[in-house]
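K.L.:
okay, predicted coordinates and the sequence, questions at the end:
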Amino acid sequence: MDLRKLGLMTYADTMKGSDLAPFARKVESLGYGVLWIPETFGRDPFPLAAHLLGATTRLAVGTAIANIWKREAITTASAARTLAELYPDRFILGLGVSGGPFMRRNGLRYDKPVTYMREYLARIKAAPHKAPRPVTDAPIVLAGLLPRMLRLAAEETNGTITALTPPDQIARMRREVGPDPWLLAQQVVMLEHDAEKARAAARGFMHFYLGAPMYQRTLRAMGFTDTDLAGDGSDRLIDAMITWGGAARIRAQIEAHRQAGATHVFVTPLTTGGGNYPDSRAIEALAPN
């Protein structure tokens, strides 16, 4: 896989199942390097990744992220090794812990996330696999924004996958982890010139994050204040999290991530209509090919 190519993250659960394979083939034809799929409480990301990989020939697929509270480490190891064997050098295992209130509200445990993640990684590495092993195991990256998880990612995995992290924070993270670990940077984008429309839609997207204690801590660590986090978020916060405007402005922000030290940049293209459905106009406008 070529992480230098722009990647794309899509909320696949907003799409019909019959649309997913054609969508992946289009993403591949446009030259994107990796298609990232998140996990919430909809489709399981591992059979979904197999479906997308089977529908394409070169495109890599990554989980951004697979939730460690939802399955045992031995199950995750088996799924990742199966995909790495069947689709060599085309699958990335992104793991994360999500947020405590969200997990508990949905009936899952949440306790000492960094400690549990460290143990989970050890169990993945030790898991038996009585089938042909892949030539190379799937790379593992962790969703890590705060210092302890970021250090764990740098020490025990290929690196870190970020969310809602502006280029200045990517530069800080690069200084913290050093030159070698992967630093995979998300940039939420909106192909919209009208500031009022763009910010209104962006606030709809940010509503969940502004209400989540984990992201509140992260945003405060970035230098945002209680005033920025109040209500639906200040213009300063919204504009830092989501790049809106024309394709040239968005490309400049992508390049800023690279200059800050990102190994790979992937965009999450939103529409002003809300709903997190991927914006085909932006996908085509930003296509690497």
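P.N.:
Yep, that arrived. Numbering: from 1, shown residues only.
K.L.:
please identify the helix or strand for the nearest residue to residue 274 once chain neighbours are set aside.
P.N.:
Nearest residue to residue 274, sequence neighbours excluded (Cβ to Cβ, 6 or more residues apart in numbering): residue 204, at 4.9 Å. Quick note: C-beta positions are derived from backbone N, CA and C, even for glycine. Secondary structure assignment for residue 204, by DSSP states H and E: helix 195-210.
K.L.:
and that helix, how far out from the chain middle?
P.N.:
With Cα atoms, centre = their mean, to the nearest Å as the basis, helix 195-210 stands 19 Å off its chain's centre.
K.L.:
what average pLDDT does that helix get?
P.N.:
Taken as a whole, helix 195-210 carries a mean pLDDT of 94.
K.L.:
and it, what other elements does it pack with?
P.N.:
If you count contacts as 3 or more Cβ pairs under 8 Å, 6 or more residues apart in numbering; DSSP states H and E, helix 195-210 packs onto strand 182-191, helix 213-221, helix 235-241, strand 242-245, strand 264-270.
K.L.:
contacting residues for residue 273?
P.N.:
For residue 273, the contact set (Cβ atoms under 8 Å, 6 or more residues apart in numbering) comprises residue 201.
K.L.:
tell me the SS of it?
P.N.:
coil (DSSP: H, G, I helix; E, B strand; the rest coil).
K.L.:
tally of neighbours for the closest residue to residue 269 other than its chain neighbours?
P.N.:
In this structure, residue 269 finds its nearest non-sequential neighbour in residue 282, 3.6 Å apart by Cβ to Cβ, 6+ apart. Around residue 282 there are 21 other residues, counting by other Cβ atoms under 10 Å.
K.L.:
what helix or strand is residue 282 on?
P.N.:
In this assignment (DSSP H and E), residue 282 forms part of helix 280-285.
K.L.:
now do that helix, average pLDDT.
P.N.:
The average pLDDT within helix 280-285 is 97.
K.L.:
now do that helix: which elements does it pack against?
P.N.:
In terms of contacts (3+ Cβ pairs under 8 Å, 6+ apart), helix 280-285 is packed against strand 182-191, helix 247-260, strand 264-270.
K.L.:
go through the ones you listed and name the closest to residue 148.
P.N.:
strand 182-191 (16.7 Å; Cβ to Cβ).
K.L.:
next, the angle from that closest one to helix 195-210.
P.N.:
140 degrees (axes from the mean of the first three to the mean of the last three Cα atoms, to 10 degrees).
K.L.:
also compute the angle for strand 182-191 relative to helix 247-260, please.
P.N.:
In terms of direction (the same axes, to 10 degrees), strand 182-191 departs from helix 247-260 by 170 degrees.
K.L.:
and for residue 65, the neighbour number?
P.N.:
22.
K.L.:
tell me how far residue 164 lies from residue 188.
P.N.:
Separation of residue 164 from residue 188 (Cβ to Cβ, to the nearest Å) stands at 7 Å.
K.L.:
what do these two both touch?
P.N.:
With contacts taken as Cβ under 8 Å, 6+ apart, residue 164 and residue 188 have residue 241 as neighbours in common.
K.L.:
between these two, which is the more surrounded one?
P.N.:
Set residue 164 next to residue 188 and count neighbours by other Cβ under 10 Å: residue 164 wins out with 21 against 18.
K.L.:
contacts for the helix holding residue 204 next, please.
P.N.:
With Cβ under 8 Å, 6+ apart as the test, helix 195-210 has contacts from 164, 188, 190, 192, 215-216, 219, 229, 232-233, 235, 237-239, 241-242, 244-245, 270-274, 276.
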